[in-house]
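Chemist: coordinates for the following, if possible.
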Amino acid sequence: MNALIGGKKVPENLLGKLKKSSLSNANDTNLSEILEEDGYLFIPNAIDVNEVTKASRASS
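Modeler: Here you go, the predicted structure:
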């Protein structure tokens, strides 16, 4: 797995698989707990990729 931050390669030992954050039975409290525990929320396909692309192009 390769990842770059600011054009610099991130060391392999700092990379790992992301844990999916479940939206089933989600509420503000348990999402906050997941965010606190994991440091992120990973919600695949939560935002349409085409909408992100359009917004990105519009802002450049």
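Chemist: when you work out contacts or count neighbours from here on, use the C-alpha atoms and nothing else.
Modeler: Will do.
Chemist: contacts for stretch 26-42?
Modeler: With CA atoms under 8 Å, 6 or more residues apart in numbering as the test, stretch 26-42 has contacts from 18-21.
Chemist: how about the helices in this structure?
Modeler: With DSSP state H as the criterion, the chain has helices at 28-38, 49-59.
Chemist: pick the most buried one from the ones you listed.
Modeler: Ranked by mean neighbour count, these are led by helix 28-38 with a mean of 12 (mean count of other CA atoms under 10 Å).
Chemist: can you give me the mean pLDDT across that one?
Modeler: Helix 28-38 shows a mean pLDDT of 90.
Chemist: Y40 versus E33, what's the distance?
Modeler: Distance of E33 to Y40, given as CA to CA, to the nearest Å: 10 Å.
Chemist: and for T29?
Modeler: As judged by CA to CA, T29 and Y40 stand 14 Å apart.
Chemist: in the chain, where is pLDDT below threshold?
Modeler: 1 (pLDDT under 70).
Chemist: please redo it, this time with the cut-off set to 90
Modeler: 1-2, 16-18, 21-30, 44-47, 52, 56, 59-60 (pLDDT under 90).
Chemist: nearest residue to the middle of it?
Modeler: Geometric centre of the chain, nearest residue: F42, 4.5 Å, by CA atoms, centre = their mean.
Chemist: where does that one fall, phi/psi-wise?
Modeler: Here the main-chain torsion angles of F42 (degrees, to the nearest 10) amount to phi -110, psi 110.
Chemist: and it, how close does it get to N13?
Modeler: From F42 to N13 the distance is 20 Å (CA to CA).
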